Structure formats: C-alpha cells, structure tokens
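**Student:** would you be able to build a 3D model of this:
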Amino acid sequence: MAQTEPIPAAPAELTGTLAKVRESGTVSIGYRESSVPFSYLSARNEPIGYSIELCKAVVDAMSEAVHKSLTTKWVPVTAESRIDAVVNGQVDLECGSTTSNLERQKRVSFSPTMFVSGTKLLVKKGSPIQSFTDLAGKNVAVTSGTTNEKTMRDLSARFKLGLNLLVSRDHAESFALVKTGKADAFATDDVLLYGLIAQDRGTAAGPSDYHVVGDFLSYDPYGVMYRKNDPQMAAIVNSTFQYLAQDGEIERQYKRWFLRKLPSGTSINLPMSPQLETIIQTMAVKSE
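**Tutor:** Numbering: from 1, shown residues only. Take a look at the predicted model:
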C-alpha cells in the first residue's frame, strides 16, 4: 500500500471520530465475511480484499492526523447490522460492499465511490431462468439488509411475479440455497456473484456450475461508511481517496483484486468499467 500524502496538522481540538480514536488508540473496522473480493476472510481467518486495502490507507491518514499510531480492531458485520454498527459507534469505518444511496445517507456518511455494481441473478447452468421475468412463482435467495432485497420485493410487486424470497444472513448462505436446490436463483450485486463463483471454484479445473444472467436490475455505487456530521473525519476520508486516485493506488488495488488471481487461485477477471474509470479520474482532480 502506497503511503498517503502528508495530512495537514490536526486542529487544536479533535472532534468526533478522530477524538474517539486518539483517546482509545484504536480504529474499529467493520468487515464482511463473504463479500469477495471486497471484504472477506482469508484461509487464515484474516479480513482481506479491495475495500480492506483502501480502508488501511484511511487508517494511516487518521494516524497522521491525530499524531498517534493507531491499532486496528476488526469487527465482523453483516448486511443487516452494518449501518447500525457505524451509527452506534461499534465500528468507525465499514469496509465492505455497501451501496451509497439517499436513504442510507440520512443515517451515515460515505466515502467517494470506489466501485459501481448492480443487481443480477446467479443460477445453476442449464436453468431456464435468463432474466427476472422468468422468476414468476420461484424461490429467490436474497441477503437480509441489502438493497437487492428491496429491489426484488419492488420488482415482484410491480410485475406481479409472486416471488418467494428466501432471506439469508450473508451472501455465502444465500449462495448455498441455490447450491442445494432450495432456491432457483440468488439476487445480489453482479460483482459479488462473480466473486462467489470464483471462490467456489477454488483451484478446481474446468468451468463453474453456475453463471450470472439478466440485465442490471439496480444501480449500486459502493463506498466506505463512517459516522454522519463529522467534518474532520469527512476531510480525512475525502482527501485520502483523492490522493489514492491521483497516485494510481485505487487502480493498482483494482487490478490486484479483480484481474489477478485471488488467494483461492482463481481470478474474477473483471476489467474496470468505463463508469468507474471516469469516477476515479474525476476524484483525482483537486477542487479549487
């Protein structure tokens, strides 16, 4: 990880999250257990991934701002618990695969966009399901507390599909419902589906038994969450992301986690979208 740009001297009085971490000497980071390749557990049970690496840079910048070396405390969160964990102070940063939208921005703040995804469907190969219109009356797995769960409920009502939504605690459990035949499809962000397929294959030779189908059913820009109404923390997060964009570190981390082999031995092999390229280029431009 590249060193972040020197942070201006901290204000005389620290407030919010910076005051909290200066006092405790610890930054609590919320991570996900199966959001491959953003935030998940390695074979050694350590949080790894694209979001984790970007968050480490934010922690470095926080350390410089409070003039104190900060220790990281890793706290597992789920899709359902993550927002409350930030709001109630259980975690200072949530480094996962969280969509930044207007509803969530009423409760928490988000970093600049670090990835753009959208809801798609994972099915077994040979399945007749090719799009959401083929799901009428079917069992569809979703993960509790995700934007995808709301998307599928809205689609079911709007198109009178009569979906039977099977709600799981995390993405691994949702995927398992398709594997065991209990669900006909799993609806979540496409990149997470590709990650789960890559992780499931591991080092096994040959193609996967699963694939991702259909058009995008939602627009999901990802960001790192932190507490609202915390201007000092917002300045640290935004300046860190701007520097990482200027330095090329976001692009390097993208290549590491999306184009090269993951620790499991397989690659997601997902080139950066033109949308995300534009977002990063814009992020790198210093505001006057």
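**Student:** contacts for the least confident helix or strand in the chain by mean pLDDT, please.
**Tutor:** Every helix and strand of the chain was ranked by mean pLDDT, DSSP states H and E. The lowest is helix 190-201, at a mean of 91. Residues external to helix 190-201 that are found in contact with it (Cβ atoms under 8 Å, 6 or more residues apart in numbering): 34-38, 40, 97, 115, 117-122, 171-172, 175, 186, 208, 210-212, 216, 262, 264, 266-268, 270. Where you see a C-beta, it was placed from the backbone N, CA and C, and this is true even at glycine.
**Student:** so how far is that helix from its chain's centroid?
**Tutor:** Chain-centre distance of helix 190-201: 13 Å, with Cα atoms, centre = their mean, to the nearest Å.
**Student:** and the residue most central in space within the chain, helix, strand or coil?
**Tutor:** Nearest to the mean C-alpha position of the chain, by Cα atoms, centre = their mean, lies residue 97 at 1.2 Å. Per DSSP: H, G, I helix; E, B strand; the rest coil, the secondary structure class of residue 97 is strand.
**Student:** if I look at it, how far off is residue 183?
**Tutor:** Going from residue 97 to residue 183 by Cβ to Cβ, to the nearest Å gives 20 Å.
**Student:** which stretches of this protein form strands?
**Tutor:** 26-31, 34-35, 39-41, 47-48, 71-76, 93-99, 108-110, 115-117, 119-124, 139-143, 164-168, 185-189, 210-213, 220-227 (DSSP state E).
**Student:** elements contacting the second one?
**Tutor:** Yep, that's strand 34-35 we're talking about. The contact analysis (3 or more Cβ pairs under 8 Å, 6 or more residues apart in numbering; DSSP states H and E) places strand 34-35 against helix 171-179, helix 190-201.
**Student:** mean neighbour count and distance to residue 230 for these - can I get that in TSV?
**Tutor:** Shown next, in TSV, are these (neighbours: other Cβ atoms under 10 Å; distance: least, Cβ to Cβ, whole Å):
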stretch	mean neighbour count	distance to residue 230
helix 171-179	21	29
helix 190-201	23	28
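**Student:** a markdown table for these, including distance to residue 105?
**Tutor:** Formatted as a markdown table, those follow (distance: least, Cβ to Cβ, whole Å):
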| stretch | distance to residue 105 |
| --- | --- |
| helix 171-179 | 23 |
| helix 190-201 | 22 |
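**Student:** dump the residue contacts of the spatially closest residue to residue 224 that is not a sequence neighbour.
**Tutor:** The shortest distance from residue 224 to any non-neighbouring residue, by Cβ to Cβ, 6 or more residues apart in numbering, is to residue 111 (4.0 Å). Residue 111 makes contact with 54, 58, 223-226, 237-238, 241 under the criterion Cβ under 8 Å, 6+ apart.
**Student:** relative to residue 213, how far out is residue 129?
**Tutor:** 7 Å.
**Student:** which neighbours do the two share?
**Tutor:** Taking Cβ under 8 Å, 6+ apart as the criterion, residue 129 and residue 213 both touch 121, 123.
**Student:** wait, residue 218 touches residue 121, no?
**Tutor:** No: using Cβ atoms under 8 Å, residue 218 is not in contact with residue 121; the gap is 12.0 Å.
**Student:** how many neighbours does residue 25 have?
**Tutor:** For residue 25, the count of nearby residues is 12 (other Cβ atoms under 10 Å).
**Student:** need the pLDDT of it.
**Tutor:** Looking at residue 25, its pLDDT is 97.
**Student:** got the contact list for it?
**Tutor:** 68-71.
**Student:** and if you look at residue 277?
**Tutor:** Per Cβ under 8 Å, 6+ apart, neighbours of residue 277: none.
**Student:** low-confidence ranges, the stretch 151-288 of the chain, go.
**Tutor:** Residue ranges of the stretch 151-288 of the chain with pLDDT under 70: 203-206, 287-288.
**Student:** re earlier: need the strands of the chain in CSV (columns: distance to residue 258).
**Tutor:** Listed next are the strands of the chain as CSV, based on distance: least, Cβ to Cβ, whole Å:
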stretch, distance to residue 258
strand 26-31, 18
strand 34-35, 13
strand 39-41, 14
strand 47-48, 14
strand 71-76, 23
strand 93-99, 13
strand 108-110, 21
strand 115-117, 9
strand 119-124, 16
strand 139-143, 21
strand 164-168, 25
strand 185-189, 13
strand 210-213, 15
strand 220-227, 13
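**Student:** of all those strands, which lies closest to residue 63?
**Tutor:** strand 26-31 (8.4 Å; Cβ to Cβ).
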